[in-house]
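Asks: What follows is a protein structure lacking sequence information:
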């Protein structure tokens with residue numbers, strides 16, 4: 001009988017922003033401007049440290065409690081409007097995203113997206129990456145009450161795909177993707193395309209780290225690239 005280390009992964013779950021779509025710098029610009037509009041000067045480095053984290057949690061960690069409670073809704077609205085108006089229409093996928101998804105499908109696995117972005121933005125990203133026809137399941141931030149590093153998005157995808165956590169792998173660009181995967185008992189694979197280092201991703205639970213989707217495609221094998229130890 002095959003062990004968990006040898007068993008093929010039936011479901012490959014992807015984060016989107018920073019993993020498939022090159023948009024982290026633009027998002028950080030908008031977060032910085034949103035905080036500045038409320039009188040708070042937050043550095044890019046501080047913001048990037050929280051990139052990919054549940055935005056409400058990020059705000060609570062960056063601002064004192066009374067200010068966080070007062071400004072959270074406004075900050076999210078300003079950041080979202082800034083990003084949609086200035087950057088959304090110009091962002092591009094990383095190279096080889098469609099080729100990677102097609103390779104996974106040819107291997108007989110399902111694909112899924114677990115993303116904090118809205119469903120409307122997710123559909124736009126799928127369009128520019130040309131993967132709409134290659135995605136089997138999705139879970140978006142508006143469908144859960146807690147975003148990464150909480151496991152809610154990943155658990156929702158697992159439920160929709162009807163796949164056991166041991167048969168899935170999560171690919172993301174932030175420590176919060178890996179932490180969410182760990183809490184869902186799903187193996188985590190990291191990419192450094194969102195700006196976090198390999199060391200940071202490994203420390204957060206990634207069993208393997210790659211540069212970007214192109215690197216994943218080059219090394220892709222259902223028994224090597226995504227056959228990683230289960231948490």
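Replies: In hand now; what should we look at? As the structure is a prediction and not an experimental result, all values here were calculated from the model.
Asks: switch to C-alpha atoms for all contacts and neighbour counts from now on
Replies: Noted.
Asks: residues of the helix or strand of the chain with the lowest mean pLDDT that come out buried?
Replies: Ranked by mean pLDDT, DSSP states H and E, the weakest helix or strand in the chain is helix 213-219, scoring a mean of 91. Within helix 213-219, the residues scored as buried using 16 or more other CA atoms under 10 Å are 213-214, 216-217.
Asks: and what of stretch 55-66?
Replies: By 16+ other CA under 10 Å, the buried positions in stretch 55-66 come out as 55-60, 62-63.
Asks: Give the buried residues for stretch 138-157.
Replies: Applying 16+ other CA under 10 Å to stretch 138-157 flags 138-141, 146-157 as buried.
Asks: Start and end of that stretch, how far apart?
Replies: Criterion CA to CA, to the nearest Å; first-to-last residue distance in stretch 138-157 is 6 Å.
Asks: can you check stretch 41-55 too?
Replies: Across stretch 41-55, first to last residue, CA to CA, it's 17 Å.
Asks: And stretch 165-174, by the same measure?
Replies: End to end - CA to CA - stretch 165-174 spans 20 Å.
Asks: what is the rounded mean pLDDT of it?
Replies: Here stretch 165-174 scores 96 as its mean pLDDT.
Asks: how far does the top helix by length along the chain sit from the chain's center?
Replies: The longest helix of the chain (DSSP state H) is helix 65-86. Relative to the chain's own centre, helix 65-86 is displaced by 20 Å; criterion: CA atoms, centre = their mean, to the nearest Å.
Asks: Buried residues, that helix. List them.
Replies: Within helix 65-86, the residues that count as buried by 16+ other CA under 10 Å are 68, 72, 75-76, 78-80, 82-83.
Asks: Can you list the neighbours in contact with the helix or strand following it?
Replies: Scanning forward in sequence from helix 65-86 by DSSP states H and E, the next helix or strand is strand 92-93. Strand 92-93 is contacted by residues 20-23, 125, 128-129 when judged by CA atoms under 8 Å, 6 or more residues apart in numbering.
Asks: buried ones in the helix or strand just after strand 92-93?
Replies: Sequence-wise, the next helix or strand downstream of strand 92-93 (DSSP H and E) is helix 97-106. For helix 97-106, the neighbour count (16+ other CA under 10 Å) marks 97-105 as buried.
Asks: Would you mind listing the residues in contact with residue 149?
Replies: Residue 149 touches 53-54, 175-180, counting by CA under 8 Å, 6+ apart.
Asks: ok, now residue 212?
Replies: With contact set as CA under 8 Å, 6+ apart, residue 212 has these partners: 19, 94, 191-193.
Asks: same check, this time on residue 194
Replies: Applying CA under 8 Å, 6+ apart, the residues near residue 194 are 18-19, 22, 24, 173-174.
Asks: Using JSON lines, lay out the residues you listed together with distance to residue 165, secondary structure and neighbour count.
Replies: As requested, the contacts of residue 194 are arranged in JSON lines below (distance: CA to CA, whole Å; DSSP: H, G, I helix; E, B strand; the rest coil; neighbours: other CA atoms under 10 Å):
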{"residue": "18", "distance to residue 165": "23", "secondary structure": "coil", "neighbour count": "24"}
{"residue": "19", "distance to residue 165": "21", "secondary structure": "coil", "neighbour count": "25"}
{"residue": "22", "distance to residue 165": "28", "secondary structure": "strand", "neighbour count": "18"}
{"residue": "24", "distance to residue 165": "28", "secondary structure": "helix", "neighbour count": "18"}
{"residue": "173", "distance to residue 165": "20", "secondary structure": "coil", "neighbour count": "31"}
{"residue": "174", "distance to residue 165": "20", "secondary structure": "coil", "neighbour count": "32"}
